[in-house]
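> Have a look; sequence and predicted model below, questions after that.
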Amino acid sequence: MTDAPADRLFVVYTRDRPGAAELRAQTRPGHIAFMKTLGSSALIGGPLLDDDGETRNGGMYMLRAASLDEARAIAARDPFVVAGLFATADVCEWLWQTNNIA
């Protein structure tokens, strides 16, 4: 993946399988390394937290890609996906309409 921006934005939204905390911990270093390979194509992202505000139970990141197929192919290479961590993993195109970020 290059750092050249694409015109379209996609949200990758995932939820962990129940009881997969150990698998998440084991594969997290690979996931972090993978995210770094995306360069500026990965705009924002981070883990989703359970109600306790601490337990990681999924994630979300915004991705620049040329097409939905490309975004899905990128997301499928994530070590979390390869290891089977997620109960659900959705990739959908997103249209940015509101911007209140200073």
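Perfect, I can see it now.
> Name the helix or strand for the residue positioned nearest the centre of the chain, please.
Closest residue to the average C-alpha location of the chain: Y61 at 4.0 Å, with Cα atoms, centre = their mean. Y61 is part of strand 56-65, with elements assigned from DSSP states H and E.
> picking that back up, the residue nearest to the centre of the chain: what's it in contact with?
The neighbours of Y61, taking Cβ atoms under 8 Å, 6 or more residues apart in numbering as the test, are V11, V12, M35, A42, L43, I44, G45, G46. Placement of C-beta: from N, CA and C, glycine included.
> Mind doing that once more with 10 Å?
Going by Cβ atoms under 10 Å, 6 or more residues apart in numbering, Y61 touches 10-14, 35, 38, 42-47, 75, 78.
> can you check R72 too?
Contacts here follow Cβ under 10 Å, 6+ apart; on that basis R72 touches F10, V12, L63, A65, A89, D90, V91, C92.
> wait, which of the residues you listed is closest to G53?
V12 (22.3 Å; Cβ to Cβ).
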